[in-house]
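Novice: for reference, the sequence and a predicted model appear below.
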Number of protein chains: 4
Amino acid sequence: MFFASDNTSGAPAEVMNALLRANEGYDRSYGNDRIMADVTARIRDLFEAPEAAVYLVPTGTAANALAIATLTPPWGAVFCHRHAHIAEDECGAPEFYASGAKLVLVEGAHGRMTPETLAAALATTGASGVHGVQRGMLSLTNVTEAGTLYTPAEIAALTALAKAHGLPCHLDGARFANAIVATKSSPAEMTWRAGIDVLSFGGTKNGLLGVEAVVFFDPAKAWEFELRRKRGGHLFSKHRFLSAQMQAYLADNLWLRLAVHANDMAARLWQGIAALPHAALTHPSQANIVFANWEAGGHDRLQAAGAIYYDLRPTPEGRETARMVTSWNTTTDHVDDFVTALRG
Amino acid sequence: MFFASDNTSGAPAEVMNALLRANEGYDRSYGNDRIMADVTARIRDLFEAPEAAVYLVPTGTAANALAIATLTPPWGAVFCHRHAHIAEDECGAPEFYASGAKLVLVEGAHGRMTPETLAAALATTGASGVHGVQRGMLSLTNVTEAGTLYTPAEIAALTALAKAHGLPCHLDGARFANAIVATKSSPAEMTWRAGIDVLSFGGTKNGLLGVEAVVFFDPAKAWEFELRRKRGGHLFSKHRFLSAQMQAYLADNLWLRLAVHANDMAARLWQGIAALPHAALTHPSQANIVFANWEAGGHDRLQAAGAIYYDLRPTPEGRETARMVTSWNTTTDHVDDFVTALRG
Amino acid sequence: MFFASDNTSGAPAEVMNALLRANEGYDRSYGNDRIMADVTARIRDLFEAPEAAVYLVPTGTAANALAIATLTPPWGAVFCHRHAHIAEDECGAPEFYASGAKLVLVEGAHGRMTPETLAAALATTGASGVHGVQRGMLSLTNVTEAGTLYTPAEIAALTALAKAHGLPCHLDGARFANAIVATKSSPAEMTWRAGIDVLSFGGTKNGLLGVEAVVFFDPAKAWEFELRRKRGGHLFSKHRFLSAQMQAYLADNLWLRLAVHANDMAARLWQGIAALPHAALTHPSQANIVFANWEAGGHDRLQAAGAIYYDLRPTPEGRETARMVTSWNTTTDHVDDFVTALRG
Amino acid sequence: MFFASDNTSGAPAEVMNALLRANEGYDRSYGNDRIMADVTARIRDLFEAPEAAVYLVPTGTAANALAIATLTPPWGAVFCHRHAHIAEDECGAPEFYASGAKLVLVEGAHGRMTPETLAAALATTGASGVHGVQRGMLSLTNVTEAGTLYTPAEIAALTALAKAHGLPCHLDGARFANAIVATKSSPAEMTWRAGIDVLSFGGTKNGLLGVEAVVFFDPAKAWEFELRRKRGGHLFSKHRFLSAQMQAYLADNLWLRLAVHANDMAARLWQGIAALPHAALTHPSQANIVFANWEAGGHDRLQAAGAIYYDLRPTPEGRETARMVTSWNTTTDHVDDFVTALRG
């Protein structure tokens, strides 16, 4: 029963086979491999963005930090949710890559900022001339860290506010597939049609070994990104092994099929939990993450049953709280065993 | 006939099989996987260094830049050969990671610095108090960019000079296996017994998909390195896929067997070239890289034959020059075809 | 009626005369001038800290940012009040100098953090291992940006909390003199005896042309600070002109006499304002800054009378709000004219 | 006999009086003072550059490093002479401010690069795509660190080479006045008409307490510079004291008169030295710096006579070498006493 993170799962056979195929023979290095041209073409098609520039990097932190550094100068404020991955889980990588940019934390329940909270944060900067940091950019996350979603319309409302101040907009899509599946929207609707300029298009959490694509819908800064990627040590010599993973991910809608499964498993899990009299959801579970809380004793039962997940700080009232993440290879048995163990 | 770089080759079956095995089931993420513990143990054994701290990163640039940033403060001078990879081929990654440290270029024929040239470079810094950058560290490369070698004794002579000034010493071992094989020395002799404090232990050029180990013989700065790695976006969530490659690399001396082959192919190549009346070696070929020059016309014949390699700037006298690199899967046929085509 | 800032005032005659005296003859440069030795001795005496290392820089932003960069690594969280000068008024200088460190904003009414709010902020970091920034340091400000004070005991309570986590503590004393006078405490009581490791000892706002001293009570990092100062372009060649200002500031308690006057003028001002039926203080005025609010119409009357001060965003209820700062050369006439104009 | 540096001299009466005048009354802070508007107008007139953006900073290192960071991205190579002040005497400030840019050292006798040596350095970069740093900018120094000069035509030849690669050009004019006087050229001829985009216009070495102007002939990056200046801690609150110095410097050609004197004293000095049978000039002395060498024994005689200057490393043949700098207040007596003492 592995629910600690989607990154405790490996990769599906399609991806492993693609690696084996890519390994045959020689190929050019540093992104000039034959597969990468196909990856770029597929992503442009998928996003209905024929001019998009596409780059592969090995981790989500690299994708986010490099994208942010490309979009904002060092004196720019990066508006993001208080609990964004870039704020809490990247050890300051965005500040490092952006030479000391400042993250300005935006409030909002269940991991989501709102136009009101974003406007409030925007109002805290930009009014003191040279003395304060300047407004730099907006970074959203979908699926959010709380397992909730923005619809394309909600994203558009937030980016509109940013763009009224001339700010470029980034989307951390570490779980982009899960968001697409859950919102039944198209990649274009979720991104550039909703005002997103650069996307971190996640692959690792959804079945790759370690590949994320950074997609610039406006390629004006593409060369700068390439230099930043190299300078960050993220340009792979045997780049074909990144390309092959992403190619397999996109082929035959594998990326969507994997996410459908993960989301379905999460739905089965939260419904099971929510039906228990002593348990409740902490956040609405809208994709493949479930936050729940329950009366004391649940942790003991679950751990006795071998469940692996994050137990979080208890509530002030003493209820136990937890985070469970499902993945492309979570089984219904694991889900049902979890609920059974929690029921007691 | 692929001689452009050892990174145009893929990976041997042992490595691909290891990836497939590692993919089974769930495992902990971010370096806490079961395989990594074994990798650490193997590297400690191999280097006779039971306290060494071992970290995996995906590229040689990441390994070098992170190691350098950990060893020198931003105001430190990094002494390296004028043509070191960190000086010429990493787009300033060391300066970026080390927050603006300065590389001080050391002269020396055939890619090798000497105690005399290092002493001359050391003398250019450290004499002006707070006004100049401080002496920071030494970074050597073995195999050098010119395809030549340092013996352990030569390394020890250079590190002794550095240590007389209190400087830590780094070895860029992107082709460490080739150097070990060629010098018939042990990993310990080439590193900590010769004064090396931190090693970039290359795997990618010698048959991995993309893994380098950074080995700290003194673990005092291990935690700092972990933070820098995370902050650089180089901590893999599905880290087991890095560990598995390195584990396979070390098992049954695979890393040495691959390098023996690459070096043998280079020897066959340079001997073939050197025997041609109109061709000559530019640098002594001591591992798996051959620099040669020949009378005009060679490039045309080679390209007509489908040879892929680097053609470099001609000599002032108009002789054509080139770099050829052999790898773990270079064939004798390819070598012989190359020589035949060049002979004309 | 100049109440915009204490930095719209010039310097008293003692300081100008000191510059004229320092200008005679030749002197060594870059901090090796004869006057600096006396300045160091005086500051050590004043702070009862015979080992302290003392450096002069020209601006408060330089003093703070250099001190912070010396105290925390780039992955350290700097705990400071939400409205600290380093957070709001230095255009990200601390993040720049500290190579991307993150400021973690601590809440608290009237510009003051409390042990409770600091503890809450400390709890947001340090629990996620390598994934989050590490706890780095505490930075307090006295007089606060709200014109309020910390007593030495309050400082000690906050630094004790920080030191329980092993964190060094910095005090931004841009208005240190005003705080010393208002709290009737000694420099030692306010600093190292209360757990402060490094002080930005302000001079500019209290009558100098542009000099702040950075005082390290523990000199272990003194040389690192010197290198950072030089590297930041803050080491003056004709350093004697900084030394001379600071020497005059310290002689005959000039620094305290200037602050006594500024504080007295602020007291006269806030008492005058608080006595008006339609006006009120926004924050307790405890040193030389007055935050007040009043019924609409006040700004018009004050501006008609030629008063210069900051008019801030009105309250939600429509009351006008303002910040007034007094200085060493504010006159009672100016104060009284201000109150008269506001009264209407 | 003070010949250690022009920065061991103080300031002339005109400058001190200007400070006293500027000290009267209140003035706006942070560069919005009344005097600064006049300074900008005067510099625009002087340089025949009505659009120029003008900023004041306190040190030459700040002027250079901020200018460089504004002109080149972090992955840019800064071409400068091997012995440039930015390369040897600023503790890596350019690398720090430019977030890790790399200085590429250009050779050339007597402190001067030539079109040939610059072309050779340019050829070492830019040919390896994303793998190497990109060509970033050119930085020249006039008067050079060797006390020699570039004529406007020589500067134009070098900037033409840079501009053929699209590179912006900076001039470190820490001794700009001495260069103008010595070459009998106009400020416009020496700068923008010769291809210079940004000038560090020195004041400190030529009689100010601590002020340099940074002049952008194209104001497109002016706002970026303002943000960088603030972020570097170099925006003075009581900025009027910088403005006043520069205003006095420019009034009545004071800056030129001071430099004429310094250059005259250097000429008297080098002529005196060159006439001695056992002494010789190391570099042509063309402004206010004299490099000389002499038979052993000279140092002893000079030091016995109380002369203060830099004694440099002896020549391989054992001749003593030295650097002497004259300033606006060097006296003929000092010069003559020096020569007398050296004669022995």
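Specialist: Perfect, thanks for sending it.
Novice: flag every residue of the stretch 201-344 of chain A that's near chain B.
Specialist: Those residues of the stretch 201-344 of chain A that sit near chain B, judged by Cβ under 8 Å from any Cβ of the partner chain, are A:204-205, A:209-210, A:227, A:230-238, A:240-241, A:308. All C-beta atoms are positioned from the backbone trio N, CA, C, and that covers glycine.
Novice: what sits closest to residue A:314 if chain neighbours are left out?
Specialist: Once flanking residues are discounted, residue A:314 sits nearest to residue A:320: 5.6 Å by Cβ to Cβ, 6 or more residues apart in numbering or on different chains.
Novice: same check on residue A:331?
Specialist: Residue A:331's closest residue in space is residue A:265 (Cβ to Cβ, 6+ apart), at 7.8 Å.
Novice: the one you found touches residue A:333, doesn't it?
Specialist: No: at 10.6 Å, residue A:265 does not count as touching residue A:333 under the criterion of Cβ atoms under 8 Å.
Novice: between the two, which has more neighbouring residues?
Specialist: Between residue A:265 and residue A:333, counted using other Cβ atoms under 10 Å in any protein chain shown, the more crowded position is residue A:265 (24 against 9).
Novice: return the backbone torsion pair for the more buried one.
Specialist: Note on residue A:265: backbone dihedrals following degrees, to the nearest 10 are phi -60, psi -40.
Novice: which ones are touching it?
Specialist: With contacts defined as Cβ atoms under 8 Å, 6 or more residues apart in numbering or on different chains, residue A:265 is in contact with A:288, A:326, A:327, A:330, A:331, A:332, A:335.
Novice: now do residue A:27
Specialist: Residue A:27 touches A:33, A:34, A:35, A:240, B:8, B:10, counting by Cβ under 8 Å, 6+ apart.
Novice: domain assignment for chain A?
Specialist: The record's domain parsing of chain A by automatic domain parsing lists A:13-253, A:255-343.
Novice: and the residue of the stretch 101-250 of chain A that's closest to chain B?
Specialist: Residue nearest to chain B within the stretch 101-250 of chain A (Cβ to the nearest Cβ): residue A:233, separated by 3.2 Å.
Novice: how about that residue, what does it touch?
Specialist: Applying Cβ under 8 Å, 6+ apart, the residues contacting residue A:233 are B:57-59, B:61-63, B:65-66, B:90, B:93, B:97, B:232, B:234.
Novice: from those, pick the one nearest residue D:281.
Specialist: residue B:90 (42.7 Å; Cβ to Cβ).
Novice: can you give me the pLDDT of that closest one?
Specialist: The confidence metric pLDDT takes the value 97 at residue B:90.
Novice: excluding chain neighbours, give the residue nearest to it in space.
Specialist: residue B:61 (4.6 Å).
Novice: quick one: the one you found and residue A:229 touch, right?
Specialist: No: counting by Cβ under 8 Å, residue A:229 is not a contact partner of residue B:61; they are 10.3 Å apart.
Novice: mutual contacts of those two, please.
Specialist: Common contacts of residue B:61 and residue A:229 (Cβ under 8 Å, 6+ apart): residue A:235.
Novice: those two: who's more crowded?
Specialist: Applying other Cβ under 10 Å to residue B:61 and residue A:229 shows that residue B:61 carries more neighbours, namely 29 against 23.
Novice: quick one: pLDDT of that one?
Specialist: Listed pLDDT for residue B:61 reads 98.
Novice: now it: how far from residue C:175?
Specialist: Residue B:61 sits 47 Å away from residue C:175, going by Cβ to Cβ, to the nearest Å.
Novice: quick one: the helices in the stretch 101-250 of chain A?
Specialist: With helices called from DSSP state H, counting those that start in this stretch, the stretch 101-250 of chain A shows them at A:115-122, A:152-164, A:176-183, A:187-190, A:222-231, A:240-250.
Novice: close to chain C: what parts of the stretch 101-250 of chain A are there?
Specialist: Proximity of the stretch 101-250 of chain A to chain C (Cβ under 8 Å from any Cβ) is limited to residues A:101, A:102, A:103, A:128, A:130, A:131, A:132, A:133.
Novice: among those residues, name the ones in strands.
Specialist: A:102, A:103 (DSSP state E).
Novice: tabulate the residues of the stretch 101-250 of chain A next to chain C (a markdown table), appending pLDDT, distance to residue B:198 and neighbour count.
Specialist: Formatted as a markdown table, these follow (pLDDT from 0 to 100; distance: Cβ to Cβ, whole Å; neighbours: other Cβ atoms under 10 Å in any protein chain shown):
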| residue | pLDDT | distance to residue B:198 | neighbour count |
| --- | --- | --- | --- |
| A:101 | 97 | 30 | 28 |
| A:102 | 97 | 32 | 26 |
| A:103 | 98 | 32 | 25 |
| A:128 | 89 | 44 | 13 |
| A:130 | 96 | 42 | 17 |
| A:131 | 96 | 42 | 15 |
| A:132 | 96 | 40 | 21 |
| A:133 | 97 | 36 | 28 |
